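J.: Requesting a structural model of the entry that follows:
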Amino acid sequence: MNPNREPAGAERAKATQTRGTFRMACSIRATVRAPADALWALLTDAAAFPRWNSTVSRVEGVIAEGERLAVTVPAAAGRVFRPRVSRVEAGRSMIWSDGFAPMFRGVRTFTLTPNADGSTEFAMEEVFSGLMLPMIRGSLPDFGPVFEAYAADLRRAAEGAAA
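T.: Numbering: from 1, shown residues only. This next block holds a predicted model:
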């Protein structure tokens, strides 16, 4: 199976991006034909991330509230991001954050909403903000394709696990 191909009948989720002088955001929503606990299991197993997620090379640490992670991604070769898991509502949402307001801050929010038909609405948003954003913006990757691949990979892995 082609890892970049959506499952039959699945509509590819499209990322939405907004930009302002001191704020930049990217978000995506996708309906996944799997229960929320299947998605949650994938999103909280740090060691397994690279097996299902083509946008992540490695996640070190424990994905739990208050913990700091070390995340390596192909889009930023040679860099290690160190977000803190700043909030967790088990099975429903979590927030990873990094940086120092008001200079520069990134906050990624994951949300799972169960649907009546047994599927789950997955939403992910990353907001970058701060006084240094205008200077840093040029060194940041285009998050649209990254978020679209992330959602497609999660959908494929969760639906495969649920089958």
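J.: Which helix or strand contains the nearest residue to Val146 once chain neighbours are set aside?
T.: Among residues not flanking Val146 along the chain, Thr55 sits closest, at 5.2 Å (Cβ to Cβ, 6 or more residues apart in numbering). C-betas here are computed from N, CA, C, even on glycine. Under the criterion of DSSP states H and E, Thr55 resides outside all helices and strands.
J.: Settle this for me: Thr55 is touching Val73, isn't it.
T.: Yes. Thr55 is within contact range of Val73, at 6.1 Å (criterion: Cβ atoms under 8 Å).
J.: Need the residues touching each of these two.
T.: Taking Cβ atoms under 8 Å, 6 or more residues apart in numbering as the criterion, Thr55 and Val73 both touch Val146.
J.: Compare these two (neighbour count), which wins?
T.: Thr55 (20 against 17; other Cβ atoms under 10 Å).
J.: which residues does that one contact?
T.: By Cβ under 8 Å, 6+ apart, the neighbours of Thr55 are Val73, Pro74, Ala75, Val146, Ala149, Tyr150, Asp153.
J.: Mind picking the lowest-pLDDT entry from those residues?
T.: The lowest pLDDT within the contacts of Thr55 belongs to Ala75, with 86.
J.: Next, it: secondary structure please.
T.: helix (DSSP: H, G, I helix; E, B strand; the rest coil).
J.: Now for it: which residues touch it?
T.: So Ala75 contacts Thr55, Pro141, Val146 (Cβ under 8 Å, 6+ apart).
J.: hang on, the last one in a helix?
T.: To tie it back to what came earlier, the one meant is Val146. Yes. Assigned with three-state DSSP, Val146 falls within a helix.
J.: That one: neighbour count?
T.: Neighbour tally, Val146, other Cβ under 10 Å: 21.
J.: what do you get for Phe81?
T.: Neighbours of Phe81 (other Cβ under 10 Å): 16.
J.: Quickly find the element holding the residue nearest to it when sequence neighbours are not counted.
T.: Leaving aside its sequence neighbours, Phe81 sits nearest to Val71 (Cβ to Cβ, 6+ apart; 4.5 Å). In this structure, Val71 sits in strand 70-72 according to DSSP H and E.
J.: how about the contacts of Thr55, which pair is most distant?
T.: Ala75 and Asp153 (13.7 Å; Cβ to Cβ).
J.: Which strand residues bridge the residue most central in space within the chain?
T.: In the chain, the residue lying closest to the centroid (Cα atoms, centre = their mean) is Met124, at 5.5 Å. Beta-bridge pairing for Met124 (DSSP bridges): Ile28, Phe110.
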